[in-house]
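K.L.:
Give me the fold of what follows.
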Amino acid sequence: MDIQSASTVVLQALTQATSQDTAVLKPAEEQLRQWETQPGFYSVLLNIFNNHMLDVNVRWLAVLYFKNGIDRYWRRVAPHALSEEEKSSLRAGLITNFNEPVNQIATQIAVLIAKVARLDCPRQWPELIPILLESVKVQDGLQQHRALLTFYHVTKTLASKRLAADKKLFQDLASGIYSFACSLWNHHTETFLQKVCAGDQEAALSSLERTLLSLKVLRKLTVQGFIEPHHNMEVMGFLNSVFERLKQFLECCRQVHRGSICREKLEKTIILYTKVLLDFLECHPYPFIPLIQRSLEFAVSYVFTEAGEGVVFERFIVQCMNLIKMIVKNDSYKPAKNIEDSKPEILEAHQIKTAFFTHPTLTEIGKRLVSQYFLLTEEEITMWEEDPESFAVEETGGDSWKYSLRPCTEVLFLDIFHNYSQTLTPVLLEMVQNLQGPTNVEEPVQLLMKDAVYNAVGLAAYELFDSVDFHSWFKNQLLAELQVTHNRYKLIRRRVIWLIGQWISVKFESDLRPLLYEVILNLMQDLDLVVRIETATTLKLTVDDFEFRTEQFLPYLESIFGLLFHLLRQVTECDTKMQVLHVISCVIERVSIQIRPYVGCLVQYLPLLWRQSEDHNMLRCAILTTLIHLVQGLGAESKNLYPFLLPVIQLSTDVAQPPHVYLLEDGLELWLVTLENSSAITPELLRIFQNMSALLELSSENLRTCFQIINAYTYLSASEFLQNYAEALCKSFCDLMKDITMEGQVQVLKVVEIVIKVSPVLGSHMFKPLLPAVFRGIVDGERFPVVMSTYLGVIGRVLLQNSGFFSSLLTQMAVECRQEADQLLGNVIEMWVDRMDNITQPERRKLSSLALLSLLPTENGVIQDKFCGIINICVEALHDVMTEDPDTATFKDCMLMTHFEEPKVTEDEEPLTEQDKRKKLLALEDPVYSVSLQLYVYEKLKAQQMLMGEQGFQTLMETVDTEIVRQLQEFLKGL
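P.N.:
Numbering: from 1, shown residues only. Now for the predicted structure:
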């Protein structure tokens with residue numbers, strides 16, 4: 001098909017692909033997808049989007065298909081890669097003219113040229129940069145702009161390459177075009193300034209767009225184009241000129257009125273200038289040193305003096321503050337403790353900073369930050385009144401300081417206070433002193449000032465540790481502030497309770513806690529919602545603190561918990577409900593079982609909240625966390641929650657349900673604590689295990705929790721659980737063992753070991769397909785100690801607790817290994833004795849001794865040949881588990897458990913879960929804890945003696961080292 005006919009059919013398909021009718025759209029998309037790999041398709045697309053007579057939507061789609069094709073088929077190694085001839089033709093076609101009239105399409109074309117440049121420039125496309133440099137000089141306005149736009153995207157893309165060879169290419173490019181880029185930027189900047197002075201806004205806007213693009217190019221070249229930029233006169237010249245240009249552009253703000261497109265672009269350009277400085281400082285801290293003085297003078301004058309009045313705007317203030325912060329906090333400018341060890345450039349930077357941050361300068365910055373930038377704005381106060389929940393939970397964490405004014409000012413304050421606390425502490429304390437006593441509610445400015453100063457004291461709590469007697473201040477001043485109930489005083493009530501929250505973990509005496517709980521109780525009933533939410537947050541900080549004592553809190557628990565629940569029901573926003581739920585979770589977690597009498601209302605409300613939050617997965621995560629702590633607090637009583645709890649677990653852990661992406665981790669944790677606190681299995685609880693096979697297939701980071709859940713089911717009701725699910729579980733384990741790490745295999749086998757321990761007959765039978773590999777691992781002498789130890793643990797359990805099954809397994813393995821069963825058993829015992837040191841846990845060492853002793857008494861010659869090794873292991877294990885009674889000089893097995901008493905739980909200890917009790921009862925039946933090793937050795941040796949007769953037995957004992965025999969006799973004396 002010739003190019004003309006191809007163009008017609010492709011154009012028709014693209015036109016149909018822009019249709020709103022899916023019946024037309026879908027076939028067209030499918031047809032285009034099939035053509036993607038056809039030679040000539042991208043040449044046709046190029047012709048289509050370069051034809052300005054065609055419909056814009058069709059041309060837009062053609063560009064997108066072309067751009068996607070570069071990602072998929074441009075590389076030589078890609079399947080269905082484009083031929084070199086077609087690529088050469090396409091490259092030429094892309095840069096024949098820069099006259100795209102539609103802005104959005106022009107940007108997309110610039111981006112796709114940059115994508116090709118990333119792969120081909122400069123080797124296969126050496127002409128690209130020279131053509132762009134020529135094109136940005138032309139007089140035609142549109143052509144010049146489009147070429148400049150392409151020049152920027154190409155520069156940006158090449159600068160982003162990270163391989164050393166690519167970086168070197170970009171540095172060579174930067175050296176070659178830097179002078180030209182500077183002159184281009186200077187030309188457009190001068191033109192813009194002339195047009196603004198002449199009052200020609202339209203021409204000014206056109207020049208400003210070109211200034212912005214040329215500055216974007218220069219930013220990339222300056223920051224990423226030079227290894228040692230401080231040795232390049234042009235680079236440093238450009239950076240120094242940035243300050244002058246910034247002043248000129250800021251002055252232009254007086255002439256260009258707000259709300260206009262020109263003003264928007266002007267502010268964008270000003271921000272870009274500051275980004276040049278910030279990026280250069282971040283990437284080249286040492287070359288930036290000559291610019292520190294000017295940067296600080298510039299930023300401080302515009303942000304903290306009258307110089308900025310009428311010209312600065314919020315985003316610019318944020319950038320200036322970030323510049324100051326990055327210089328103050330920069331680790332590259334901090335001298336070593338021993339000054340002589342510091343590099344000369346570090347000392348230079350430190351001296352510049354020290355000379356700049358004089359006492360008067362710091363005092364002025366500190367006072368301005370608090371008294372000007374910390375004040376609540378009219379917008380914030382309006383938000384408090386009209387949307388209190390959004391105000392109360394406004395997000396200020398993460399990187400918000402980089403973009404938002406309030407977090408930015410607070411972070412700058414903290415960094416400056418931390419670095420210059422000796423100077424700033426007296427300044428802040430004086431501001432506090434000037435605001436002593438209740439403030440007149442008729443003076444809103446004073447109220448705002450007190451709010452700002454208290455904010456500063458809260459932020460700097462750690463720095464003020466030695467300077468503020470918080471105990472006295474709380475009792476003599478802050479308590480009184482909280483008693484003022486006037487509506488306007490809510491600013492101070494909210495700020496004081498926040499302030500207390502900041503000081504809780506810093507300096508708050510234990511005997512003041514009850515007084516604080518009374519304050520919290522009162523403020524949880526405050527008329528203002530913001531105050532109540534802030535009080536709940538401080539309660540969380542108080543309860544979550546290391547110094548928290550449950551007995552101090554208990555008298556207030558019922559009232560506070562009721563008010564928290566009331567607050568949870570009252571708030572309507574998702575984020576606020578999450579915040580309150582976190583407080584509730586924290587309280588339940590800290591008071592544990594003491595919460596039981598007070599959770600009735602919450603238990604009734606959570607199902608409703610769960611239904612309402614169907615589209616809010618993060619809120620559901622918070623509900624799951626609350627349920628986890630609730631189940632732990634309720635213990636066995638949590639069975640009353642099952643009608644709600646079990647469907648929640650079912651949904652959260654079902655990988656076929658979309659919400660599992662958000663809910664799975666918390667859902668598994670809830671599943672586990674539900675099992676741990678369950679007193680008996682229920683059909684519904686058993687049924688949820690159907691979700692497990694798919695979870696094990698995921699092989700995700702949640703595997704460990706999945707194994708804990710399987711163990712919990714085993715402890716709870718081994719027979720029912722294994723009869724229902726062991727076959728599927730064994731299959732999942734077999735699949736898992738093929739492709740998980742060594743550590744993962746150990747975890748799987750630990751689960752198998754527990755199953756066999758709890759249910760020796762059923763467990764051995766159900767997991768039989770896994771055991772040959774374990775047996776082979778022992779015979780082959782598995783080289784990883786942890787794995788070998790686990791293998792011996794599993795086989796030890798089978799041998800000790802299900803000897804008949806062990807015999808059949810041995811017979812099966814003997815056939816597989818083409819050996820006699822006795823010979824194979826001898827190999828196993830020999831390896832066991834040899835690798836006993838791989839086993840580190842005393843329980844497993846005792847298990848190995850018991851298991852091998854269980855082979856006695858015997859007439860089997862192979863076992864008798866290994867008798868010496870078996871006795872060696874037993875004596876080692878006796879040393880591990882026997883303790884000497886100094887009064888009677890006799891030994892006893894310290895692992896023996898004779899009965900189970902539920903211990904009295906102290907306040908600092910977690911109460912026993914139902915699973916803990918099950919484990920202790922199980923231990924009473926476990927040979928490791930119920931059989932005395934000392935007695936077992938004695939009985940087995942006695943039986944062997946009876947079997948062989950005195951002389952035969954004596955001959956057998958002579959195979960054992962005399963020192964080992966002496967130690968054995970020492971352990972057995974008195975029996």
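K.L.:
any weak-confidence spans in this protein?
P.N.:
1-4, 395-398, 699, 888-889, 899-909 (pLDDT under 70).
K.L.:
what about the strands in it?
P.N.:
Secondary structure of the chain (DSSP state E): strands located at 882-885, 890-893.
K.L.:
Dump these to TSV, plus distance to T211 and mean neighbour count.
P.N.:
C-beta here means a position set from N, CA and C on the backbone, and glycine is covered the same way. Converted to TSV, the strands of the chain look like this (distance: least, Cβ to Cβ, whole Å; neighbours: other Cβ atoms under 10 Å):
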stretch	distance to T211	mean neighbour count
strand 882-885	85	12
strand 890-893	86	17
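K.L.:
Reformat those as a markdown table; add distance to L762.
P.N.:
A markdown table is the format used below for the strands of the chain (distance: least, Cβ to Cβ, whole Å):
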| stretch | distance to L762 |
| --- | --- |
| strand 882-885 | 33 |
| strand 890-893 | 29 |
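K.L.:
Which parts of the stretch 851-975 of the chain are helices?
P.N.:
861-865, 867-881, 914-923, 927-930, 933-957, 962-972 (DSSP state H, counting those that start in this stretch).
K.L.:
most packed of these?
P.N.:
Mean neighbour count (mean count of other Cβ atoms under 10 Å) peaks for helix 867-881 among those, with a mean of 20.
K.L.:
what helices or strands is that one leaning on?
P.N.:
helix 821-834, helix 842-853, helix 933-957, helix 962-972 (3 or more Cβ pairs under 8 Å, 6 or more residues apart in numbering; DSSP states H and E).
K.L.:
And the contacts of the third one?
P.N.:
To tie it back to what came earlier, the one meant is helix 933-957. 846, 849-850, 853-854, 856-859, 864, 867, 874, 877-878, 881-882, 891-893, 895, 965, 968, 971-972, 975 (Cβ atoms under 8 Å, 6 or more residues apart in numbering).
K.L.:
again with the second one
P.N.:
In this structure, residues lying in contact with helix 842-853 by Cβ under 8 Å, 6+ apart are 789, 792-793, 795-797, 799-800, 829, 832, 836, 839, 870, 873-874, 876-878, 880-881, 895, 927-928, 931, 933, 936-937, 940.
K.L.:
And for the residue lying closest to V828 once chain neighbours are set aside, the neighbour number?
P.N.:
Spatially, and ignoring its direct neighbours in sequence, V828 is nearest to I778 (5.8 Å; Cβ to Cβ, 6 or more residues apart in numbering). By other Cβ atoms under 10 Å, the residues close to I778 number 20.
K.L.:
so what's the residue nearest to E348 when sequence neighbours are not counted up against?
P.N.:
Leaving out its chain neighbours, the residue that sits closest to E348 by Cβ to Cβ, 6+ apart is I289, at 5.8 Å. By Cβ under 8 Å, 6+ apart, I289 lies in contact with Y333, E345, E348, A349, I352.
K.L.:
How about E547?
P.N.:
Residues near E547 by Cβ under 8 Å, 6+ apart: F508, S510, R513.
K.L.:
on that earlier part again, residue contacts, the residue nearest to V828?
P.N.:
M788, Y791, L792, I795, V828, M831, W832.
K.L.:
L112 too?
P.N.:
V63, F66, K67, I70, L94.
K.L.:
and with 7 Å instead?
P.N.:
By Cβ atoms under 7 Å, 6 or more residues apart in numbering, L112 lies in contact with V63, F66, K67, I70.
K.L.:
quick revisit: for the contacts of I289, which two are the farthest from each other?
P.N.:
E345 and I352 (10.7 Å; Cβ to Cβ).
K.L.:
The two: which has the busier surroundings?
P.N.:
Comparing E345 with I352 by other Cβ under 10 Å, the one with more neighbours is I352, at 19 against 15.
K.L.:
I'd say that one and R294 touch.
P.N.:
No: using Cβ atoms under 7 Å, I352 is not in contact with R294; the gap is 10.2 Å.
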